[in-house]
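Trainee: with the input below, show me the fold.
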Amino acid sequence: MAHGEVELRTAARTNGTNNNSAAAPKLNKISSFITQSADKGAAQSMLHACGLTVEALDKPQVGISSVWWEGNPCNTPLLEFGRLIKQGCEAVDLVGLQNNTIGVSDAITMGGSGMQYSLPSRELIADSIETITMAQYHDANVSIPGMLASLVASESSLMVSSMRSRKRGAAKSASSKSSSSSSLMSMITRPSIIVYGGTIQPGRHGMDMPGLGRKKGDPCNVADNFEATGAYAKGLITAEERVDLIRNACPGPGACGGMFTANTLSTAIEVMGMGLPLTSSTSAVYPEKTQECLRVGGYIKNLLEKDIKPRDIMTKKAFENAITMTHVMGGSTNAVLHLIAVARAGDVDITIDDFQRIGDKTPMLADVKPSGKYYMEGIHNIGGVPRVLKYILDNTDLLHGDVMTCTGKTLRENLADVEPLEFETQDIIRPLSNPIKATGHLTIMRGSLCPGGAVSKLTGKEGLYFDGTAVVFDSEEGITEAIAEGRVKDGSVVIIRYVGPKGGPGMPEMLGPTGAIMGAGLGKTVALITDGRFSGASHGFCTGHVVPKAAEGGPIALVKDGDRITIDASTREINIHISAEEMEQRKQWWIKEKKGKLANRPTRGWLYKFARDVQNASEGCITDRDLF
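Mentor: Take a look at the predicted model:
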């Protein structure tokens, strides 16, 4: 008999229940294994020592997993949000048990070696939440992520953690000859809700910045600092103006305020049904975020009663909805990588080509940062994501309204009482008749430079074609100096390589280089191609996620200064214009001189393990691919 079956039958026998009975559902069927079994006295003693009474041991246990830490405004409010969620759980006779995990600030680590840990932190966070949920026999989980790229890699990973166990359990069930498959499956998946830590409010310039066309009182955000770096290097702004921006860009707690990676993935979470309506647009400092935290306990109890688990919510239709809204809202390229990773964890068939298929029929409607004018707070002020969803659902066939959500209702049911979106008093969301771009902005590229795929974010402002000359960097170091010295100029195609998932390692984001290019006034005349990632705050003629990556000898590793590179959005191709013979000669040189000789290859520790196991960007940079 499988070990999981022994545990479940022991718990059921001790409590005098039958898993096959038609009685009311047992909400603590997981935790009762340690709280009710006669042979688990040690476990019960430990829980008593934590303050749980005899009565509390009879109640379902909800793990409350926060990505709280000091030193980053995206994360500082999350501990208090966890306390509020615990309070809300107790109000509906659930036991809330707070726990915590690590984080990495992309904005702080950007451009340095610390950024190598950003994407890998997604795996650590997912594994840590999975570990405590499964090891401590929690009946349900509420996860509280915050911040941009890596911790929305985390937001993504929180979904990964709740889905990943299903994959492992499915493998066990398939190989087991016992009749415990259904019991085992119920044991290894838990009802879950994600509470987004909230967006930051826009900052305000404290003085005029004429070099960048800004005036005192104009809104600003942390990403503007990266453009200011390029502007300062070119002499377009003064030191005083740069310092003023530093001091005013971030007015308080919350994740970066544009449709950057955090808000892109929080929108996807809400659209998929793993977060409550409005979770993605509510500011971290709004009273509504407090109320959301207090209400979550009731929704978790409802999920327990109805036995609704992440696998019932995160279906292929739900992923398609998330991809659709990523295009509608002008979301980050990181959505491609992270949503594929989440889908792989749950055995849902989503590939990079699904982003193109859906984008071909989906317009971009949101005029939001980084390529637009407004912030996530503006989206909230016009009714949030539910109002945009309602508009798309009622006027197109782009969304699946019948998908289940964490409210216990379908998406269509959630939107039944939402007021229609109107266009007379707001211009943040365009009407379908006048889109910013008629098709999606995330474009899956192929061609001789990236035969395995790459991702471009093209909003229409960049143009459809670029023909330029390669300027090659084997890391992002030196970009700002090259711009200041004029080596990167009109017509340049900047190639930044050996910054992929293995070569970086960790696939760091290139917000520093893109920001410097934009700030120097080169955003429309310089393109950037990399096997690394881009922050959601990046904009311009940018292509990332190049596969094969430089570390495995992909074509991007063979580019030389002066090579002609063309980027054609209409054919979705990026090509290097050299002969096949020349390409083969360069390949043989790379095998002899470069293969296995990366200067920054780790030999121990977490980055070593990540680089060893990580798959390519087109597969979501997952690290738990089936090996057996």
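Trainee: ok now stretch 431-440, how far from the chain's centre?
Mentor: Between the centre of stretch 431-440 and the centre of its chain there are 25 Å (Cα atoms, centre = their mean, to the nearest Å).
Trainee: oh sorry, the question was meant for stretch 189-196
Mentor: On the basis of Cα atoms, centre = their mean, the separation between the geometric centre of stretch 189-196 and that of its chain is 16 Å.
Trainee: regarding the closest residue in space to His400 that isn't next to it in sequence, what is its secondary structure?
Mentor: The shortest distance from His400 to any non-neighbouring residue, by Cβ to Cβ, 6 or more residues apart in numbering, is to Lys317 (4.0 Å). Glycine gets a C-beta too; all of them are placed from N, C-alpha and C. Classification of Lys317 using DSSP: H, G, I helix; E, B strand; the rest coil returns helix.
Trainee: now do Lys317 against Leu398, distance only.
Mentor: Taking Cβ to Cβ, to the nearest Å as the criterion, Lys317 is separated from Leu398 by 12 Å.
Trainee: same question, Glu241
Mentor: Applying Cβ to Cβ, one obtains 43 Å for the distance of Glu241 from Leu398.
Trainee: ok, now Gly330?
Mentor: Plainly put, Gly330 is 15 Å away from Leu398 if you go by Cβ to Cβ.
Trainee: compare those two (neighbour count), which wins?
Mentor: Between Gly330 and Leu398, counting by other Cβ atoms under 10 Å, Gly330 is the more crowded of the two (27 against 18).
Trainee: surely that one is in contact with Tyr374?
Mentor: No - at 10.6 Å, Gly330 and Tyr374 do not qualify as touching, with contact defined as Cβ atoms under 8 Å.
Trainee: now do stretch 472-486, average pLDDT.
Mentor: Stretch 472-486 shows a mean pLDDT of 90 in the predicted model.
Trainee: for the closest residue to Val547 other than its chain neighbours, grab the count of nearby residues.
Mentor: With Cβ to Cβ, 6+ apart as the measure, Gly452 is the residue that lies nearest to Val547, at 3.2 Å, once sequence neighbours are left out. Using other Cβ under 10 Å, Gly452 is surrounded by 18 other residues.
Trainee: what's Gly452 in contact with, if anything?
Mentor: Gly452 is in contact with Arg446, Val547, Pro548, Gly554, Asn616, Ser618, counting by Cβ atoms under 8 Å, 6 or more residues apart in numbering.
Trainee: and if you look at Pro219?
Mentor: By Cβ under 8 Å, 6+ apart, the residues touching Pro219 are Pro202, Gly203, Arg204, His205, Tyr375.
Trainee: residues touching Val388, list them.
Mentor: In this structure, Val388 makes contact with Met325, Val328, Met329, Leu365, Ala366, Ile379, Leu421, Ile429, judged by Cβ under 8 Å, 6+ apart.
Trainee: list the buried residues for the helix or strand that contains the second one?
Mentor: Taking DSSP states H and E as the criterion, Val328 maps to helix 316-329. For helix 316-329, the neighbour count (16 or more other Cβ atoms under 10 Å) marks 317-329 as buried.
Trainee: try stretch 346-361
Mentor: For stretch 346-361, burial by neighbour count (16+ other Cβ under 10 Å) applies to Gly346, Val348, Ile350, Thr351, Ile352, Asp354, Phe355, Gln356, Ile358, Gly359.
Trainee: shouldn't the first one be in contact with Asp312?
Mentor: No - under the contact definition of Cβ under 8 Å, Gly346 does not touch Asp312, with a separation of 10.8 Å.
Trainee: farthest pair in the contacts of Pro219?
Mentor: Checking the contacts of Pro219 against each other with Cβ to Cβ, the farthest-apart pair comes out as His205 and Tyr375, at 14.2 Å.
Trainee: neighbour count winner among these two?
Mentor: Applying other Cβ under 10 Å to His205 and Tyr375 shows that Tyr375 carries more neighbours, namely 25 against 20.
Trainee: doesn't Asn414 make contact with Met275?
Mentor: Not Met; residue 275 is Gly. No - judged on Cβ under 8 Å, Gly275 makes no contact with Asn414 at a distance of 11.4 Å.
Trainee: more neighbours: which of these two?
Mentor: Neighbours per residue, other Cβ under 10 Å: of Gly275 and Asn414, the larger number sits with Gly275, 27 against 21.
Trainee: ok, now how distant is that one from Thr405?
Mentor: Relative to Thr405, Gly275 is positioned 9 Å away (criterion: Cβ to Cβ).
Trainee: quick check: Val142 is in a helix.
Mentor: No - judged by three-state DSSP, Val142 forms no part of a helix; its state is strand.
Trainee: report the beta-bridge partners for it.
Mentor: In this structure, Val142 has beta-bridge partners Ile64, Ile193, where bridges are defined by DSSP bridges.
Trainee: residues touching it, list them.
Mentor: Taking Cβ under 8 Å, 6+ apart as the definition of contact, the neighbours of Val142 are 62-65, 85, 89, 96, 192-195, 296, 300.
Trainee: ok, so of these, who is nearest Ala135?
Mentor: Within the contacts of Val142, the smallest distance to Ala135 is 10.3 Å, found for Gly63 (Cβ to Cβ).
Trainee: doesn't Gln136 make contact with that closest one?
Mentor: Yes - counting by Cβ under 8 Å, Gly63 touches Gln136, with 6.8 Å between them.
Trainee: distance of the nearest residue to Gly540 once chain neighbours are set aside relative to Ala239?
Mentor: Across the structure, with Cβ to Cβ, 6+ apart as the measure, the residue nearest Gly540 apart from its sequence neighbours is Gly523 (4.3 Å). From Gly523 across to Ala239, the span is 23 Å (Cβ to Cβ).
Trainee: and these two? Which one has more around it.
Mentor: A count of neighbours by other Cβ under 10 Å puts Gly523 above the other of Gly523 and Ala239, at 21 against 8.
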